[in-house]
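Student: okay, predicted coordinates and the sequence, questions at the end:
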Amino acid sequence: MHVSLYVSDISKTVAFYKTFFDQEPSKVKSDYAKFMLDSPALIISFVENTEKVQANFGHLGIQVETEQELAIKLLKAKQNNITVLEEIGTNCCYATQDKFWVADPDGHQWEIYYFHEDSEFNDPKYANESATACCTPKTKMTINEVVEQNACCEPGSDCC
């Protein structure tokens, strides 16, 4: 699989993904970088073009095989001072999952998750069209702002 994302600052992007992926990029130019991952099998490239960076992109995800693998990736993110948002035992996309979220310098959100089982329940907070990775307050916030402010849904706020 190959993914290409537009970014506003290639240096900041490379620094973030070196830490997040725990490996060096396979190619770096003044406005381009590429990482070739073995696990998960993914080729991801970044093209510096500030005008094409889009808000409300959605998110990217990596499913891990074991709860231990999820715990190790979460610990590494925290040890490297990557802001994370943890969601344990959540029902998203009609599946029970343990997960955490990170955001790169341009706000591209990554969901790293362990799939427990299919579910007949989908948490309504994910159905809200303005929902991000977690509980979504009435005012739009980035994942880093949500984590920093420890934001959570209030009863009747239409996000939970």
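Tutor: Structure's in. What do you need?

Student: tell me the contacts of the spatially most central residue of the chain?
Tutor: Centroid-nearest residue in the chain: Trp110, 1.6 Å away (criterion: C-alpha atoms, centre = their mean). Trp110 makes contacts with Phe20, His59, Leu60, Gly61, Ile62, Trp101, Val102, Ala103, Asp104, as judged by C-beta atoms under 8 Å, 6 or more residues apart in numbering. Yep, even glycine has a C-beta here, placed from its N, CA and C like the rest.

Student: one more: Phe35?
Tutor: Tyr17, Phe21, Gln23, Pro25, Ser26, Leu42, Ile43, Ile44, Ser45.

Student: of all those, which comes closest to Lys76?
Tutor: Taking C-beta to C-beta as the measure, Lys76 lies nearest Phe21 of these, at 10.2 Å.

Student: hmm, that closest one is touching Leu37, no?
Tutor: Yes - assessed by C-beta atoms under 8 Å, Phe21 is found in contact with Leu37 at 6.2 Å.

Student: if we can go back for a sec, can you pick the most crowded of the contacts of Phe35?
Tutor: Tyr17 (22 neighbours; other C-beta atoms under 10 Å).

Student: which of the three states applies to the residue nearest to the centre of the chain?
Tutor: strand (DSSP: H, G, I helix; E, B strand; the rest coil).

Student: what's across from it in the sheet?
Tutor: On the basis of DSSP bridges, Trp110 takes part in beta bridges with Leu60, Val102.

Student: against Phe57, how distant is Ile82?
Tutor: Separation of Ile82 from Phe57 (C-beta to C-beta, to the nearest Å) stands at 19 Å.
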